[in-house]
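>>> quick one, structure for this:
(one chain, ligands or ions: 1)
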Amino acid sequence: VITAKMKDVAVYLRRNIKELAKQTDKEVIRIMEVCGTHTMAIHQFGIDTVMPANLRLLSGPGCPVCVTGSEYLNAAMNLAVKKHVIVTFGDMMKVPAQEGRTLASLRAEGYDIRTCYSPIDALRYAETEKEKSFIFLAVGFETTIPTILTMLELAQQKQLDNLKVLLDFKRVPPALELLVSDPELKIDGFLLPGHASIILGEDGYADFFSSHPTPCAITGFEALDILSGIESVLKQIVTKDPKLDNQYKRVVSKTGNVKAKILIEQYLEVSDAHWRGIGIIPDSGYRLKNQYQRFDAQTAFGISITHAKDEESCPTCSSTGCNEGHFCANILKGLNTPPECPDFGKYCNPMNPKGPMMVSSEGSCAAWFKYNRRGGNDR
Ligand code: SF4
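Predicted structure coming up:
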């Protein structure tokens with residue numbers, strides 16, 4: 001329900017944003033959101049269409065499905081072909097991998113690939129169908145990681161040895177470091193992800209902020225949350241006084257979710273990770289500690305996921321020999337907006353996605369397609 005008071009606050013915040021944008025000495029101000037849910041919310045509420053002309057809202061690599069490489073998906077498909085049962089969140093099903101194959105197309109061929117709403121569904125399958133081998137596609141940021149680790153903890157308690165994970169976890173703070181250091185992007189500030197911050201807490205960004213003091217606001221997902229976050233980041237830009245401002249105090253604490261952090265500490269150690277369209281980001285991922293390697297599908301089944309070198313690979317699918325030249329990599333980094341991709345809405349649409357950002361419910365191309373299809377304010 002949108003009340004008259006909320007409308008007044010939105011008008012007030014928008015006016016402040018306009019005033020602040022006039023006061024900067026920057027020709028163009030670039031604020032990036034690194035969270036797929038923010039991307040969707042910004043477009044759903046039309047926030048992008050009411051910003052001052054010199055303020056750009058950039059969508060960064062904040063959708064976990066979008067940043068998962070096609071080599072990972074190929075590994076999952078190869079395991080399915082070897083008669084392992086793949087369990088995954090629904091968004092992964094239509095993401096194209098090499099040669100346009102998807103998990104959905106493989107399922108149509110008769111392989112056992114199941115979608116779930118919670119990792120606990122995978123646990124139930126493993127418990128009730130002990131003769132089968134289940135592999136959960138464990139992708140995601142700090143938000144999702146603890147629930148997957150809880151699944152492993154329960155699998156351990158129940159002594160299930162027919163449930164493994166194909167792991168591709170990502171950490172947000174190292175990605176922020178890479179993005180803010182990229183001279184092409186020229187990022188002036190970040191809207192920090194609300195969900196991941198519930199786990200990380202303000203403290204989770206301390207290392208990033210001390211090495212790269214950047215205007216930042218931890219922000220929620222309602223229209224007023226996002227407008228307040230933008231206003232906060234702009235104030236910091238104008239005053240040249242960067243802060244780690246928590247605008248989502250109703251759920252994000254200073255220390256974050258301590259229980260979840262203990263779980264992460266217990267099971268995982270930091271490792272490098274591959275991000276689709278970006279490449280390897282040092283320390284931006286996790287792997288299972290040695291004592292939990294028995295849950296790791298790569299270790300258990302003797303496979304290893306090798307990513308093509310960026311310069312050799314297609315920016316869309318990260319595979320060699322494709323080179324179709326789609327814009328996916330540029331979109332993931334916030335260098336372009338989806339309508340600038342020549343395939344947007346034509347050869348690439350939600351019914352026939354060429355890249356993951358058009359598939360995922362948190363993808364920036366899907367957001368633009370759903371809410372700004374003609375490239376502007378068409379509400
Ligand atoms: S419109 Fe499709 S091909 Fe173009 S960047 Fe988006 S997902 Fe990639």
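
>>> buried sites along the helix or strand hosting residue 11?
In the assignment (DSSP states H and E), residue 11 maps to helix 4-23. Of all the residues in helix 4-23, those buried under the rule 16 or more other C-beta atoms under 10 Å are 10, 13, 14, 16, 17, 20, 21. Just so you know, the C-beta spots here come from the backbone N, C-alpha and C atoms, and that holds for glycine as well.

>>> tell me, what residue is most central in the protein?
The residue lying closest to the centre of the chain (C-alpha atoms, centre = their mean) is residue 63, at 2.4 Å.

>>> name the residue of the stretch 101-250 of the chain that lies nearest to the ligand.
The ligand sits closest to residue 102 of the stretch 101-250 of the chain, with a gap of 13.6 Å, by C-beta to the nearest ligand atom.

>>> counting neighbours, what do you get for that residue?
Residue 102 has 19 neighbours, counted by other C-beta atoms under 10 Å.

>>> so it touches residue 91, yeah?
No: Residue 102 lies out of contact with residue 91 (C-beta atoms under 8 Å); the separation is 11.4 Å.

>>> wasn't residue 164 part of a helix?
No: the assignment for residue 164, made by DSSP: H, G, I helix; E, B strand; the rest coil, is strand rather than a helix.

>>> on that earlier part again, and the contacts of the helix holding residue 11?
Residues outside helix 4-23 that contact it (C-beta atoms under 8 Å, 6 or more residues apart in numbering) are 29, 50-52, 54-55, 223-224, 227-228, 230-231, 234-235, 237-238.

>>> most neighbours among those residues, which one?
Most crowded among the contacts of helix 4-23, counting by other C-beta under 10 Å, is residue 230 at 29 neighbours.

>>> for the record, mean pLDDT for the helix or strand containing it?
Assigned by DSSP H and E, residue 230 falls within helix 223-239. Averaged across helix 223-239, pLDDT comes to 97.

>>> equivalent analysis for stretch 338-348, please.
Stretch 338-348 shows a mean pLDDT of 88.

>>> sorry, back to before: tell me how far the residue of the stretch 101-250 of the chain closest to the ligand lies from residue 124.
25 Å (C-beta to C-beta, to the nearest Å).

>>> and the residue in the stretch 51-200 of the chain that the ligand sits nearest to, what pLDDT?
For the stretch 51-200 of the chain, the residue closest to the ligand is residue 66, as judged by C-beta to the nearest ligand atom, at 8.4 Å. Model confidence at residue 66, given as pLDDT, is 89.

>>> helix, strand, or coil at it?
coil.

>>> go on, residue 132?
Three-state assignment for residue 132 (three-state DSSP): coil.

>>> who's in contact with it?
By C-beta under 8 Å, 6+ apart, the contact list for residue 132 reads 85, 112, 125, 126, 162.

>>> now do 10 Å
Contact partners of residue 132, counting by C-beta atoms under 10 Å, 6 or more residues apart in numbering, are 83, 84, 85, 112, 125, 126, 162, 163.

>>> want to throw those into CSV with pLDDT?
Formatted as CSV, the contacts of residue 132 follow (pLDDT from 0 to 100):
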residue, pLDDT
83, 94
84, 97
85, 98
112, 98
125, 98
126, 97
162, 97
163, 98
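
>>> mind checking what helix or strand follows the helix holding residue 230 in sequence?
Next along the chain after helix 223-239, taking DSSP H and E as the criterion, comes strand 244-246.

>>> so what's the residue of the stretch 51-200 of the chain closest to the ligand up against?
By C-beta under 10 Å, 6+ apart, the contact list for residue 66 reads 36, 39, 59, 91, 95, 275-277, 328, 331-332, 355-360, 362-366.

>>> that one - nearest residue in space that isn't next to it in sequence?
In space, not counting the residues next to it along the chain, residue 66 is nearest to residue 356; the distance is 4.4 Å by C-beta to C-beta, 6 or more residues apart in numbering.

>>> that neighbour: neighbour count?
32.

>>> just to revisit the earlier point, turn the contacts of residue 132 into JSON lines, columns for distance to residue 136 and neighbour count.
Output for those, formatted as JSON lines (distance: C-beta to C-beta, whole Å; neighbours: other C-beta atoms under 10 Å):
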{"residue": "83", "distance to residue 136": "16", "neighbour count": "10"}
{"residue": "84", "distance to residue 136": "11", "neighbour count": "23"}
{"residue": "85", "distance to residue 136": "10", "neighbour count": "21"}
{"residue": "112", "distance to residue 136": "13", "neighbour count": "16"}
{"residue": "125", "distance to residue 136": "9", "neighbour count": "19"}
{"residue": "126", "distance to residue 136": "9", "neighbour count": "25"}
{"residue": "162", "distance to residue 136": "11", "neighbour count": "17"}
{"residue": "163", "distance to residue 136": "7", "neighbour count": "26"}
